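> Please work out how this folds:
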Amino acid sequence: MAFALSCLTVSCKKDSDDSAPNPSDQYDIIVTGEDSGNAVYWLNNQKYILPSTGFGAYAMGVEVSGADIYIAGSDGVNAVYWKNGTKYTLPGAAFQTRAHFIYVIGNDIYIAGEENEDAVYWKNGVKTSLSNPSTTLTSSTGYSMLIDGANVYVVGERLNPSNNDSEPVYWLNGTLNVLPNNFTSGNSSCAFDILKLGSDIYISGINDGSAVYWKNGVKNILPGGVFFGSISTLMCADGGDVYIAGMAELMPTYWKNGIPVSVNNLGFGEFPVSISAVNGNVFMAGDGDTLSWYWQNGNLVTLNGSGLETTINDLAIVQP
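Next comes the predicted model:
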């Protein structure tokens with residue numbers, strides 16, 4: 001991480017707080033988000049502002065590959081990514097293009113997102129529009145990706161042309177597939193994340209007010225949320241275990257192999273949006289009504305420089 005830290009310190013505008021200590025001696029903790037119209041990230045609780053052209057920039061998915069830190073996001077109406085703090089603009093229409101997720105394999109950079117409300121992905125800057133067959137004008141977006149050999153998966157949502165509510169979908173090599181879901185008017189559904197563990201494909205999301213995951217296309221409802229509902233967001237794998245972040249009964253929660261685990265909260269609407277686990281250590285990041293946080297093994301840590309205008313989007317953990 002020494003090279004990446006050096007590049008990011010030079011390339012990015014640094015927030016004024018220089019006194020933040022490293023919260024962990026074992027891991028580098030990277031959190032991405034948006035603060036007062038700026039794309040930002042925290043490295044070991046030190047906030048940095050990423051370069052952008054003006055107001056309305058977001059830092060979304062983060063990926064660490066070797067000594068390099070990649071962050072996907074948007075700058076105004078453009079989808080962009082930053083590599084070690086240097087911004088690259090992705091090709092797309094001028095109206096509205098967003099990048100949500102970034103994935104690096106060897107020399108290839110994959111990014112999932114949307115262009116003019118249609119799901120797309122980029123490989124090394126080359127855009128691929130994803131199919132959305134319909135006789136009615138509808139929209140879609142891609143939130144996450146998985147590259148499995150020659151297969152390219154993109155998960156996300158699209159508006160169902162028959163009822164105009166969102167439904168969870170994935171594209172496999174460009175072909176649209178709708179995930180099994182129940183439909184109640186007004187309760188939108190979405191697929192947020194995807195991973196492969198062994199020979200199994202997992203997709204996390206929400207369906208009809210409940211946190212769910214699909215394993216090889218079969219829907220499973222995560223326990224909890226009987227009275228106030230639940231939502232699952234991003235997920236990760238550590239060893240043979242699958243972790244999914246979210247909320248159940250208005251409480252910040254993660255599920256380990258389908259078993260809910262509540263974490264510390266201050267009662268300010270803390271909502272975990274991302275999760276990473278390393279050697280059994282579980283990290284989550286999210287925001288709430290007043291501040292933003294990350295959790296380390298259930299313990300809540302306030303992100304320095306966060307406030308009412310802060311939104312958290314992703315988390316990455318690296319062993320130095």
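
> Now do stretch 101-114: distance to the chain's middle.
13 Å (Cα atoms, centre = their mean, to the nearest Å).

> what residues does that stretch touch?
For stretch 101-114, the surrounding residues in contact (Cβ atoms under 8 Å, 6 or more residues apart in numbering) are 60-63, 65, 68, 70-72, 79, 81, 90, 96-100, 119-125, 140-147, 152, 154, 156. (C-beta placed from N, C-alpha, C; glycine too.)

> mind running it again at 6 Å?
Contacts with stretch 101-114, where a contact means Cβ atoms under 6 Å, 6 or more residues apart in numbering, come from 61, 63, 65, 70, 72, 79, 81, 98-100, 121-124, 141-142, 144-145, 147, 154.

> go on, stretch 117-136?
90-91, 108-112, 139-142, 154, 156, 158, 161, 171, 174, 176.

> Can you select the buried ones among those residues for me in ChimeraX?
This is how ChimeraX selects the buried members of the contacts of stretch 117-136, with burial counted by 16 or more other Cβ atoms under 10 Å:
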select :90,109,110,111,112,139,140,141,142,154,156,158,171,176
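
> Relative to Gly76, how far out is Gly54?
Here Gly54 is placed at a distance of 6 Å from Gly76 (Cβ to Cβ, to the nearest Å).

> And the two? Which one has more around it.
Gly76 (14 against 9; other Cβ atoms under 10 Å).

> Would you quantify the distance from the residue nearest to that one when sequence neighbours are not counted to Pro91?
Using Cβ to Cβ, 6 or more residues apart in numbering and skipping residues adjacent in sequence, the residue nearest Gly76 is Gly56, 5.2 Å away. Distance, Gly56 to Pro91, using Cβ to Cβ: 19 Å.

> And Ile312, by the same measure?
Using Cβ to Cβ, one obtains 28 Å as the distance from Ile312 to Pro91.

> Could you do Gly209 as well?
38 Å.

> And the helices in this structure?
Remark: helices assigned in the chain by DSSP state H are 2-11.

> Show me the shaky parts of the stretch 201-320 of the chain.
Scanning the stretch 201-320 of the chain for pLDDT under 70 picks out the ranges 227.

> show me where it has strands.
Taking DSSP state E, counting those that start in this stretch, the strands of the stretch 201-320 of the chain run over residues 210-215, 218-221, 230-238, 241-248, 251-256, 259-262, 271-278, 281-287, 292-296, 299-302, 310-318.

> For the first one, buried residues please.
Buried residues in strand 210-215, counted by 16+ other Cβ under 10 Å: 210-214.

> Show the pLDDT at Asp165.
Confidence at Asp165, expressed as pLDDT, is 82.

> Disregarding flanking residues, what is the spatial nearest neighbour of it?
Ser188 (5.4 Å).

> Next, the one you found: phi, psi?
phi -70, psi 160 (degrees, to the nearest 10).

> wait, isn't it in contact with Asn163?
No: using Cβ atoms under 6 Å, Ser188 is not in contact with Asn163, being 10.5 Å away.

> So between those two, which is more surrounded?
Taking neighbours as other Cβ under 10 Å, Ser188 and Asn163 compare with Ser188 leading, 18 against 10.
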